[in-house]
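> Need a 3D model of the sequence below.
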Amino acid sequence: MRKTKQGSALAAAMASLGFTVLSAMPAMAQQKPDPQAELIAKRNAVESELEKVAIIDRKVMVKMRDGKLMAADIYRPRSGGKVPIIFSRTPYNFNFWDVKLGAPRDMTQALTAVKHGYALVEMQERGHFFSQGNYDILGMPLSDARDELKWMSSQPWSNGNVGTTGCSSTAEWQLAAVAQNDPSLVTFNVQGFGAGVGKVGPYDEQGNWYRGGAMQMLFISWIYDYGIQNQVRPLFPANTSQAELINASHFFDLAPQMPAVDWDKAFWHLPEQDIIKAVGGPPGIYDTRMPVATGGNMVVRAPNDPAWNKGGLWHEGEKINKPGLWFMSWFDVSVSPNLAAYNEVRKTADKAVADQQYAVIAPVLHCAYNRATEHTMVGDMDMGDARFNYDDLVYGWFDHYLKGKDSPMLDKQPKVMYYVMGANRWKNAQSWPPAGTTTQELYFGSAGSANTLYGDGKLQAAAPDSNQPDRFVYDPANPVPTLGGGGCCQGKVKFGSYDQREQEARNDILVYQTDALTKGVELSGPLTVTLYVDSSAKDTDFTFKLIDVSPDGRALNITENIQRMRYRNGYDKPLVWMQPGKVTKVTFQPIETAYYFKPGHRMRVDVSSSNFPRFDRNLNTGGNNYDEDHGVIAHNAVHHDAQYPSKISLTVMPDAEPAGASD
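Residues are numbered from 1 along each chain as shown. Predicted structure coming up:
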């Protein structure tokens, strides 16, 4: 109170002398930046500049052949004349007005495209926001893409050339659409596009739904959190005018506001087919409450279900014959199927087009290309300066293929530019894997006690003379928790590279490692693991992680995989059950990476039977798994000797063999 009175007296005295006095508290508040105000000012500035250089045509409703209307926003240069189109189609909210902020959304993409002399057409996926119809995670009817391309290429301001771009769901529809060979779709740029790839080579992931036959649980939270599951939403009458739609967009954008879910708890619910139902989510494409005929029952579809071929996923055999710019990342959900798709196109396209496929593989998480910095961290792993000017490459690409211009940057671009983690540098190649690589094998061995990082497991140059199997217990009620790896969009699950030592203290993790390497080893290409195993269960899973162990003991994960044993002979074969006491061979699908192990480091492989909740738990019963509410404990074992040569096969660059491995 005394300070307040003194302050008031001082203020009165100052005022009597003609000074304007502000109290200390408001003065401090005025000096403190207002982040929201700064954001609004920045957004308004971009929108204002866009209005000066672009002809803006928002909430254009484009009719499909079935009469449904798809919402589009169009931005094209004011300079006039016919221009090429950059086409971005998405299930996400691109409403030009940020309803919650009360200001324009970030229009930088549109402004950049217009300044480069392009029309940007953003179109909403069927069944989202202002677009009519129902969404299907398998992909929209391919007729949508054909109708949309026909419409935009025939506009009087279009020069007839269209190029597609986008990341994640904004890219995943592209490959199947490109395979339709529409003459107006000249080229494509796909980024983080794994959920658009069905079957290719050894991968039957069906749009990332599966890995090795185990379900990737990211789609459960993604479907719910982004409102994908919801098929009930308000719609405007078909005859609503464009002006009315634009005006309405200022006060609602039709974005569902889903109640928050604690996914750390929700993923544990059994049966897993009811996870979305259990959190109060609506019926939809994931679970059995929505009829198969309208896209439901995703959770019940096996990897070889013919239904996967009825949507918009791209599968091998669907020829792509357009120039392509492919962006991938080592810690994404599915870099390996993505690279397999890239190689498939290079193998099957006409020769001239096969030579027009370029790939960039970055050391980042899903769609985080432009978030790389001069000190890029992916979890606990320091990637160094991983920056690259993706925008210049993309626009150089479009200038070349949509405008017919020379592109100096493209002239210098290798067919494959990939980042070698550990060495923290970009490298160039003309193919993937790079030319000149060799296959090296390291064999698992132990005295029968490889459990935990304190065990006796070894990776060695030859298989052990005698078999002393390593045994562990896999309890579905106590799975190994996910810590790092490739993924996205899954609640609080941490993806990237993290120190694994705390997990490796678990008795249900077998740990095998080399001696300290006497020279550096670069892995650039596929790696795979072959195990000889037995189990007390009719069906179970096996997992592995490849890890870099530094001299100080820190153990950073590089890549990982899983295999559900019922599918070990392939998805097109009958299910094969485990038999107690019988040793069974299982070879995991190959996983791609580029990593440099420094001298003095060790290679380590962890083997277990779960990685939850990245992958769903195998309940070990041999039942459907998705409709079961309890599991059984599996007693699992890994065997290793000349008869049972459990091993990891590595793709190694020349003069970089794993010297120093145990003999």
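
> Every contact and neighbour count from this point should use C-alpha atoms.
Will do.

> got the contact list for Asp332?
Asp332 is in contact with Gly192, Val364, Leu365, His366, Cys367, Gly486, Gly487, Cys488, counting by Cα atoms under 8 Å, 6 or more residues apart in numbering.

> From what I see, Lys458 and Gln513 are in contact.
Yes - at 4.7 Å, Lys458 and Gln513 qualify as touching, with contact defined as Cα atoms under 8 Å.

> Restricting to C-alpha, output stretch 365-382 in CSV.
Provided in CSV are the C-alpha atoms of stretch 365-382 (Å, rounded to 0.1, in the frame of the first residue of the first chain):
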residue,chain,number,x,y,z
LEU,A,365,10.9,-36.6,-39.5
HIS,A,366,7.8,-36.8,-41.6
CYS,A,367,7.4,-33.7,-43.8
ALA,A,368,10.0,-31.7,-41.9
TYR,A,369,12.2,-30.9,-44.9
ASN,A,370,12.2,-27.2,-44.5
ARG,A,371,12.5,-27.4,-40.7
ALA,A,372,16.1,-28.5,-40.9
THR,A,373,18.5,-26.0,-39.5
GLU,A,374,22.2,-25.5,-39.3
HIS,A,375,22.0,-27.6,-36.2
THR,A,376,19.4,-30.2,-37.0
MET,A,377,18.2,-32.4,-34.1
VAL,A,378,16.0,-35.4,-34.7
GLY,A,379,15.3,-36.6,-31.2
ASP,A,380,18.6,-37.0,-29.4
MET,A,381,20.6,-37.3,-32.7
ASP,A,382,22.6,-34.4,-34.0
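
> Dig out what the closest residue to Ala462 other than its chain neighbours forms beta bridges with.
Spatial nearest neighbour of Ala462, excluding adjacent residues (Cα to Cα, 6 or more residues apart in numbering): Tyr443 at 5.8 Å. Beta-bridge pairing of Tyr443 under DSSP bridges involves Gln460, Lys647.

> in what helix or strand does Met215 lie?
Using DSSP states H and E, Met215 maps to strand 214-215.

> Paired strands for that strand, with orientation please.
Applying DSSP bridges, strand 214-215 is found paired with strand 210-211 (antiparallel).

> Need the pLDDT of the residue nearest to Ala462.
Tyr443 carries a pLDDT value of 98.

> and what of Asn134?
pLDDT for Asn134: 82.

> list the contacts for the residue nearest to Ala341 when sequence neighbours are not counted?
Leaving aside its chain neighbours, Ala341 sits nearest to Val200 (6.3 Å; criterion: Cα to Cα, 6+ apart). Going by Cα under 8 Å, 6+ apart, Val200 touches His315, Glu316, Pro337, Ala340, Ala341, Glu344.

> Buried members of those residues into ChimeraX, please.
The buried subset of the contacts of Val200, as determined by 16 or more other Cα atoms under 10 Å, is captured in ChimeraX by this line:
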select :315,316,337,340,341,344
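
> Restricted to helices, list the contacts of Val200.
Pro337, Ala340, Ala341, Glu344 (DSSP state H).

> Tell me the helix or strand right after the strand holding Met215.
Counting by DSSP H and E, what follows strand 214-215 is helix 218-225.

> For the helix or strand following that following helix, buried residues please.
Moving toward the C-terminus from helix 218-225, the first helix or strand encountered (DSSP H and E) is helix 242-248. When burial is assessed from 16+ other Cα under 10 Å, helix 242-248 yields the following buried residues: Leu245, Ile246.

> So which other helices or strands are in contact with helix 242-248?
If you count contacts as 3 or more Cα pairs under 8 Å, 6 or more residues apart in numbering; DSSP states H and E, helix 242-248 packs onto strand 54-63.

> So what touches the strand it packs on?
Contacts for strand 54-63 (Cα under 8 Å, 6+ apart): 69-78, 111, 114, 131, 148, 151, 242, 245-246.

> could you redo the last one with a cut-off of 7 Å?
69-78, 114, 242, 245-246 (Cα atoms under 7 Å, 6 or more residues apart in numbering).

> pLDDT on that strand, on average?
97.

> Tell me how far that strand lies from the chain's centre.
How far strand 54-63 lies from its chain's middle: 30 Å, per Cα atoms, centre = their mean, to the nearest Å.

> In that strand, which residues are buried?
Ala54, Ile55, Ile56, Arg58, Lys59, Val60, Met61, Val62, Lys63.

> partners of that strand, with directions?
strand 69-77 (antiparallel).

> which element follows the partner strand toward the C-terminus?
That would be, after strand 69-77 and using DSSP H and E, strand 83-90.

> Please identify the buried residues of that next one?
Val83, Pro84, Ile85, Ile86, Phe87, Ser88, Arg89, Thr90.

> Average pLDDT for the helix or strand just after that strand, rounded please.
Following strand 83-90 in sequence order, the next helix or strand is strand 97-98 (DSSP H and E). For strand 97-98, the mean pLDDT works out to 95.

> Give the pairing partners of the helix or strand following strand 97-98; include direction for each.
Next along the chain after strand 97-98, taking DSSP H and E as the criterion, comes strand 103-104. Strand 103-104 sits in its sheet next to strand 97-98 (antiparallel), going by DSSP bridges.

> what sits up against the strand it pairs with?
Contacts for strand 97-98 (Cα under 7 Å, 6+ apart): Ala103, Pro104, Arg105, Ser249, His250.

> can you count the residues close to Gln257?
Other residues near Gln257 come to 9 when the count uses other Cα atoms under 10 Å.

> Can you tell me the SS state at it?
coil (DSSP: H, G, I helix; E, B strand; the rest coil).

> if I look at it, how far off is Gly227?
Here the criterion is Cα to Cα, to the nearest Å. By it, Gln257 lies 8 Å from Gly227.

> Same question for Gln503.
34 Å.

> These two - which one has more neighbours?
Gly227 (21 against 16).

> is it true that the more buried one touches Pro256?
Yes - the pair Gly227 and Pro256 qualifies as a contact (Cα atoms under 7 Å) at a distance of 5.9 Å.

> could you dump stretch 82-94 to CSV, C-alpha only?
This file holds the C-alpha atoms of stretch 82-94, laid out as CSV (Å, rounded to 0.1, in the frame of the first residue of the first chain):
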residue,chain,number,x,y,z
LYS,A,82,-2.0,-18.3,-70.0
VAL,A,83,0.0,-19.8,-67.2
PRO,A,84,0.8,-23.3,-66.0
ILE,A,85,-0.8,-24.7,-62.9
ILE,A,86,0.6,-26.1,-59.6
PHE,A,87,-2.1,-28.3,-58.2
SER,A,88,-2.4,-29.1,-54.5
ARG,A,89,-5.2,-31.4,-53.4
THR,A,90,-5.6,-32.1,-49.7
PRO,A,91,-7.9,-33.5,-47.0
TYR,A,92,-6.6,-30.8,-44.6
ASN,A,93,-8.2,-27.4,-43.9
PHE,A,94,-6.9,-24.7,-46.3
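
> Quick one: mean pLDDT over that stretch.
For stretch 82-94, the mean confidence score works out to 95.

> Show residues contacting that stretch.
117-125, 128, 157-166, 169-170, 402.

> For that stretch, what is the distance to the chain centroid?
21 Å.

> again with stretch 511-520
Going by Cα atoms, centre = their mean, where stretch 511-520 is centred and where its chain is centred differ by 31 Å.

> repeat for stretch 457-471
With Cα atoms, centre = their mean, you get 36 Å for stretch 457-471.

> got a list of what Ala171 touches?
Thr165, Val190, Gln191, Phe193.

> So which of those belong to strands?
Counting by DSSP state E, the part of the contacts of Ala171 found in strands is Thr165, Val190, Gln191.

> Count the residues that sit near the last one.
Here the number of neighbours of Gln191 (other Cα under 10 Å) works out to 26.

> which residues pair with it across the strands?
Beta-bridge partners, per DSSP bridges, of Gln191: Cys167, Phe327.

> Low-confidence ranges, the stretch 201-350 of the chain, go.
Within the stretch 201-350 of the chain, the ranges that satisfy pLDDT under 70 run 230-231, 291-296.

> What is the three-state secondary structure of Glu560?
strand.

> Contacts only, for the closest residue to it other than its chain neighbours.
The shortest distance from Glu560 to any non-neighbouring residue, by Cα to Cα, 6+ apart, is to Lys545 (4.2 Å). Neighbour list for Lys545: Asn557, Thr559, Glu560, Asn561, Val605, Asp606, Val607 [criterion: Cα under 7 Å, 6+ apart].
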